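>>> have a look at this prediction, sequence included:
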Amino acid sequence: MKAAVFHGPGDLRVEPHAEPTIERADEVIVEVEACGICGTDLQILNVPPGHPATPGVILGHEFIGRAVTIGPSVRDLRVGQRVVVDPDPKCGTCHACRTGRPANCTNVVALGSFADGALARFAKAPASSVYPIAETLAPPVAALIEPLACVVNGTNRAVPRPGESAVVFGAGTIGCLFTALLVAAGASPVIVVEPSDKRRRVAAAVGAHHVLSPDDFARRRAELLPLGAEILIDAVGTQFATAIDHAALGARIVLFGQNANALPAIKQYTITERSLSILGSYITTYTFPTAIRLVEQGKLPLAAIVSRVIGLDDIAEGLALLRSGDATKVVITP
Ligand SMILES: [Zn+2]
Ligand SMILES: [Zn+2]
């Protein structure tokens, strides 16, 4: 089969690759229908890399498809079933798994960075990571289930209540998913802060009540939210200090975006004095079923997030579109 293989920093090649085979009784082989390109993929391919990966692996971790071969011990799945895959298979037996924190499973071998992913015709996953989905979903939208499962986790951390105000920093895929979910949860107003004009348009399309550049937000925040925001989402990874500046009394700040180099100067006193809650949110915590249900119900305006759907041979073009900021989500149909 043809696959997009990571060969080292900055080196991704679409080339022939052996098809996966069942090696353990609990494995499932999925024929991939659609696989999103994620910011993490760009980080893996950056020089120097912003995220580690094993040279030789097939990239791609936001995918859906059809179970075509299932191992002899797999129950609850049938050949031909349409599925989404959690690309971070949990072991179920480590301390993190046994204390209800599967996101931090110490035995995860992530598909698409440390094991073969889904930028190929076929991908393999343990059955415990495979979830059935409806036949009716459009493939590019269904490929958003994985990032949405992460965003459901982050939204749950904030416990939004109807009528609370929210500010989302960043309108990439993650910021737009947070926006759609917070609006659906009854938050109002939901304000998105994003420097790129193209991305601001997508944030508006997914339901943001106000979409502002960082400068306009700084200028207009006191008028739009005189008391500050009750929920603040950093979907970028560098906006912690800014979020504190605009937090209402008792606000919850969700730190979702990841940037290992961000070392913001924080006025700790403000967190104490304003009784703020600082909530880290890392990948998923039993949130795939909720994300699947949300997408199946069609209640979130997700189609606007998908900028382009392209074939595997055009992946270089898709990566360039994402790097330029001209695309929000690019989906590959291998
Ligand atoms: Zn991703
Ligand atoms: Zn574990």
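Good, I have the coordinates. Ligands and ions are numbered 1, 2, ... in the order given.
>>> and the residue of the stretch 101-250 of the chain found nearest ligand 1, how far is that from ligand 2?
Proximity of the stretch 101-250 of the chain to ligand 1 (C-beta to the ion) peaks at residue 147, 5.5 Å away. Any C-beta I mention is one placed from the backbone N, CA and C, and that applies to glycine too. Residue 147 sits at a distance of 22 Å from ligand 2 (criterion: C-beta to the ion, to the nearest Å).
>>> equivalent analysis for residue 255, please.
From residue 255 over to ligand 2 (counting by C-beta to the ion), the distance is 23 Å.
>>> what's the burial count for that residue?
Counted with other C-beta atoms under 10 Å, the neighbours of residue 255 add up to 22.
>>> what bridges to residue 210?
residue 191 (DSSP bridges).
>>> which SSE is immediately downstream of the lengthiest strand in the chain?
Longest among the strand segments of the chain by residue count, using DSSP state E, is strand 27-37. Downstream of strand 27-37, the first helix or strand assigned by DSSP states H and E is helix 39-45.
>>> residues contacting that next one, please?
With contact meaning C-beta atoms under 8 Å, 6 or more residues apart in numbering, helix 39-45 is reached by 6, 9-12, 49-53, 59-61, 112-113, 172-174, 319, 322-323.
>>> which of those residues fall in strands?
By the criterion of DSSP E, membership of the contacts of helix 39-45 in strands covers 6, 11-12.
>>> need the buried ones from those residues selected in PyMOL.
Selection of buried members from the ones in strands among the contacts of helix 39-45 for PyMOL, criterion 16 or more other C-beta atoms under 10 Å:
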select buried, resi 6+12
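>>> in TSV, list the ones in strands among the contacts of helix 39-45 along with pLDDT and distance to residue 89.
TSV is the format used below for these (pLDDT from 0 to 100; distance: C-beta to C-beta, whole Å):
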residue	pLDDT	distance to residue 89
6	98	19
11	97	26
12	98	23
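>>> residues in contact with residue 325?
Going by C-beta under 8 Å, 6+ apart, residue 325 touches 196, 198-199.
>>> is stretch 97-104 up against ligand 2 anywhere?
Yes: Stretch 97-104 reaches ligand 2 (C-beta under 5 Å from the ion) through residue 97.
>>> and the helices in the stretch 101-250 of the chain?
139-142, 145-158, 173-184, 197-205, 214-224, 240-245 (DSSP state H, counting those that start in this stretch).
>>> nearest to residue 100, out of these?
Closest to residue 100 of the helices of the stretch 101-250 of the chain, according to C-beta to C-beta: helix 145-158, at 12.6 Å.
>>> now do that closest one against strand 27-37, angle only.
Relative orientation of helix 145-158 and strand 27-37, computed by axes from the mean of the first three to the mean of the last three C-alpha atoms, to 10 degrees: 80 degrees.
>>> hmm, who's touching helix 145-158?
So helix 145-158 is contacted by 36, 38, 61-64, 84-87, 103, 133, 173-174, 177-178, 181-182, 185, 231, 233, 252, 254, 256, 279-285, 287-288, 290-292, 294-295, 300, 302 (C-beta under 8 Å, 6+ apart).
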